[in-house]
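Engineer: got a predicted structure plus its sequence, pasted below:
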Amino acid sequence: MTEKNWNDISVEVTYLSDEIDIERQENLSETRVTIKDKKTGEILRTVGEITNLLRTNYNKTIYEEYDCGRGIKPRLYGDILMYFSGSFHEIVKATNIYWKEASSGGWKLKEKQSGWTKMAPNRFEVYGNAIVTVESTSEVSMGASFSMFEGLGFDMSGSSSSTWHARKIINGGFVYKI
């Protein structure tokens, strides 16, 4: 387990520091961190935070993005209310936990479930699951074969010579700590 920090939030990752490369993109309102396998360059995890400051409270949106291949990228979001006074920061509560498509192209996100648990004043967990669905007639599947989606870990129904449906269950979750 490795802990990585950016801004005032840190994320725990299950990879060893010497096995990963971390790319960070930042602007005035958002920080995005992409964790890649050092050997293969494969994206292992993408997390981020979006901040909106108020007076002594501020709202922060954090997310984890899941790469299912073919540009299919669902995200699990957590909108949280933070309190600060001087150098003291505390997570007050999660105001909304939800799934959303981070890319488009004819795939759908179904049976979305999510929740959160406050583990301490400065630590909480966001979790959820959803199902990604693709049909052989959709935009994202154009030029892709039945076996290609099967190779990406999708459960397949139908046949490669006719209409087919691909489904992939995403079990997501992350722990954030300030």
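Structural biologist: Perfect, I can see it now. Numbering: from 1, shown residues only.

Engineer: quick one: the strands in this structure?
Structural biologist: For the chain, strands defined by DSSP state E occupy the ranges 2-6, 9-13, 20-26, 30-37, 43-53, 57-65, 74-85, 88-101, 108-120, 123-135, 155-158, 164-177.

Engineer: quick one: low-confidence parts of this protein?
Structural biologist: In the predicted model, the chain carries pLDDT under 70 at residues 1-11, 28, 51-55, 138-143.

Engineer: again, only this time at 90
Structural biologist: Filtered on pLDDT under 90, the chain yields the residue ranges 1-37, 41-63, 67-72, 80-94, 101-108, 117-125, 134-151, 156-165, 172-178.

Engineer: which residues touch residue 38?
Structural biologist: Taking C-beta atoms under 8 Å, 6 or more residues apart in numbering as the contact definition, residue 38 lies against 18, 19, 20, 21. All C-beta spots, glycine's among them, are computed from the backbone N, C-alpha and C.

Engineer: tell me what residue 48 is bridged to.
Structural biologist: Residues in a beta bridge with residue 48, per DSSP bridges, are residue 32, residue 63.

Engineer: same question, residue 124
Structural biologist: Listed by DSSP bridges, the beta-bridge partners for residue 124 are residue 118, residue 176.

Engineer: hang on, the earlier thing: can you check which of the strands of the chain gets nearest to residue 149?
Structural biologist: Using C-beta to C-beta as the criterion, the shortest distance between residue 149 and the strands of the chain is 4.2 Å, found for strand 164-177.

Engineer: and the angle from the closest one to strand 57-65?
Structural biologist: 140 degrees (axes from the mean of the first three to the mean of the last three C-alpha atoms, to 10 degrees).
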